[in-house]
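Trainee: After the sequence you'll find the predicted model.
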Amino acid sequence: MNESVPPEPSRPANDVTQHVGYLLKRAQAALRAAMDKVLREHGLTVPQYATLELLALHPGMSNADLARATFVTRQSGNVVLRGLQEAGLITRPATADHGRARPARLTEEGHTRLATVQATVHAVEQRMADALPPRRVTALLTDLERIATALED
């Protein structure tokens, strides 16, 4: 006879600071603060940096795609793109070839700024990874992907 045993809760309900969601948010807030600090020294925000990284990988992304990928609204994404364009880090056509999308691309200065700041951002990520035994990093990445997928359904 197979009795179904309910899974144990992730943490005791009486201490919210020990819940998975709370601890994920705490880690995210700490990451954001550390990234804000190093990026501020280079005149960038986290969404601007993320946009530069994505455009380096996928030139020509639209505002809507970039906003989704950087976890901001379309309106905020547009502000990010305007700021990067005014700083000479990206280019976008004045008008759209079709529809409303105006694909963005890094300028030479954008590539240079990104290369300059990547090492400092990667150092922040390394600080996170160094807090774990090396064998756990791959498992953590897998677990985080599973969590995101479970909540996106």
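Mentor: Cool, got the structure. Residues are numbered from 1 along each chain as shown.

Trainee: Report the buried residues of the helix ranked longest in the chain.
Mentor: Taking DSSP state H as the criterion, the chain has its longest helix at helix 108-130. Neighbour counts over helix 108-130 (16 or more other Cβ atoms under 10 Å) mark G110, R113, L114, V117, T120, V121, V124 as buried. The way it works is simple: take the backbone N, C-alpha and C, and place the C-beta from them, glycine included.

Trainee: Give me the mean pLDDT for the helix or strand immediately after that helix in the chain.
Mentor: Counting by DSSP states H and E, the next helix or strand C-terminal to helix 108-130 is helix 134-152. Averaging pLDDT along helix 134-152 gives 93.

Trainee: dump the residue contacts of F71.
Mentor: P47 (Cβ atoms under 8 Å, 6 or more residues apart in numbering).

Trainee: what's the closest non-adjacent residue to the residue nearest to the spatial centre of the chain?
Mentor: Compute the mean C-alpha point of the chain, and by Cα atoms, centre = their mean the closest residue is T70, 5.4 Å away. Residue nearest to T70 in three dimensions, not counting chain neighbours: A50, with 4.3 Å by Cβ to Cβ, 6 or more residues apart in numbering.

Trainee: Off-centre distance for the strand or helix carrying the one you found?
Mentor: Here A50 sits within helix 46-57, counting by DSSP H and E. When distances are taken as Cα atoms, centre = their mean, to the nearest Å, helix 46-57 is centred 9 Å away from the chain's centroid.

Trainee: Could you check the angle it makes with helix 108-130?
Mentor: Angle of helix 46-57 versus helix 108-130, following axes from the mean of the first three to the mean of the last three Cα atoms, to 10 degrees, is 110 degrees.

Trainee: could you point out where this protein is predicted with low confidence?
Mentor: 1-13, 95-100 (pLDDT under 70).

Trainee: 80 instead, please
Mentor: Residues of the chain meeting the criterion pLDDT under 80: 1-13, 94-102, 153.

Trainee: just checking, A87 touches H42?
Mentor: No - with contact defined as Cβ atoms under 8 Å, A87 does not reach H42; the gap is 10.9 Å.

Trainee: E152: neighbouring residues, count only.
Mentor: Taking other Cβ atoms under 10 Å as the criterion, the count of residues near E152 is 6.

Trainee: Tell me how far it lies from M35.
Mentor: As defined by Cβ to Cβ, to the nearest Å, E152 lies at a distance of 23 Å from M35.
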